[in-house]
Structures are given as C-alpha cells and as structure tokens.
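Peer 1: structure here, sequence nowhere to be found:
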C-alpha cells in the first residue's frame, strides 16, 4: 500500500507529519489519527454536508470542504477548523450558543456541519455586511447544501438571523 506524509494545522495546532495511506479521506484522518470525532460521516457522497470542515486561506477567507469525499492529502500544509475548535475554554462560540438557545438541533448528527457553515457565513458577512432586507436570502445562500434529516432548518436559520440582526457591524 502506498503511503503519503501529511502535515497540516487543525484547530490552530500543527499536526503531523503522519504517514497515512494514499487516498485516505479527511474524515477518516480526523477520526483515526487525531481522535476528532465531531466531524460526522453522513451520506458518504458529499451531498448532506454533515462532514464539512473549514479550510482557511492565507488571504483570510474560508471555505467549507466535504471530508467524506476529499482525501486528507488535499489539506497538506493547510489550516483546518473542525467543530471541536470553536469553543474557547469551554465557552461555546457565538454560533454554538445561538444554536443551543434556539434548540436548533434534534438528533444533532448534522450539527457540526451547520456550526462550521454558520461560522463561514458570519465571517463572510463580517467582511461584506448585508442589507437588513437581504439577511434571509444571505442565510439561505450561505447554508445551501446543509441537510438536516430532522428538518431543523427553521431554528438553525433563526439563530443565525438573530446573530446577524443583533450585531450592527454585520448589517448595513
């Protein structure tokens, strides 16, 4: 079996070098090599986005990447954030707290993907504030693709709407 060497930064901590099988998914790498189980394996074909992590770019932007269909090697040298990296000193992030306050989740399986997507959305809006009358549309665009089998969308979206409308720096 062919192996590759992987070095990356996960939740602000450099990890590796790890010798891993060529073709290993990032989802399996996070679980098997780093013990990070918050990133879920949902559909296995990149459709539900329960498995997304955040890949931070040097220019300060971020993108969601599906770990079930993306090889770990794709993240070589990159900066990755998982759901485990959002809370600080046991205090939930703004997104996590809002989801809790709104009881946005039911079974919780999709929640890590929704948390990561919510962070990317809010970071994008912080760089490009949204008009108040376009908040709903922007949430729909930013969360497009996140699937919740329990249909918790209304609560997830309400939590994000409250964050956005409650912070004058995010709207224009």
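Peer 2: Everything's here; your move. Everything numeric here is computed off the predicted structure, so don't read it as measured data. Residues are numbered from 1 along each chain as shown.

Peer 1: who touches stretch 47-57?
Peer 2: In this structure, residues lying in contact with stretch 47-57 by C-beta atoms under 8 Å, 6 or more residues apart in numbering are 26-27, 30, 39-43, 62-68, 75, 78-82, 109-110, 112-113, 116-117, 119-120, 145-147. Heads up, the C-betas are built off the backbone N, CA and C, glycines and all.

Peer 1: try 7 Å
Peer 2: Outside of stretch 47-57, the residues that reach it under the criterion C-beta atoms under 7 Å, 6 or more residues apart in numbering are 26-27, 39-42, 62-68, 75, 78-82, 109-110, 112-113, 116-117, 119-120, 145-147.

Peer 1: and what of stretch 88-103?
Peer 2: Contact with stretch 88-103 is made by 86-87, 105, 111, 115, 118-119, 122, 155-156, 158-160, 162-163, as judged by C-beta under 7 Å, 6+ apart.

Peer 1: among these, which lie within strands?
Peer 2: In strands, judged by DSSP state E, none of the contacts of stretch 88-103 are found.

Peer 1: please pick the buried ones from those residues.
Peer 2: Neighbour-count burial (16 or more other C-beta atoms under 10 Å) applied to those gives 86, 105, 111, 115, 118-119, 122, 155-156, 158-160, 163.

Peer 1: among those, which two are most distant?
Peer 2: Pairwise distances among the buried ones among the contacts of stretch 88-103 were taken by C-beta to C-beta; the largest, 19.3 Å, belongs to 86 and 158.

Peer 1: rewinding a little: keep only those of the buried ones among the contacts of stretch 88-103 that are in helices.
Peer 2: Those of those mapping onto helices are 111, 115, 118, 119, 122, 155, 156, 158, 159, 160, 163, per DSSP state H.

Peer 1: wait, the first one sits on residue 105?
Peer 2: To tie it back to what came earlier, the one meant is residue 111. Yes. With contact defined as C-beta atoms under 7 Å, residue 111 reaches residue 105; the gap is 4.6 Å.

Peer 1: done for today, thanks.
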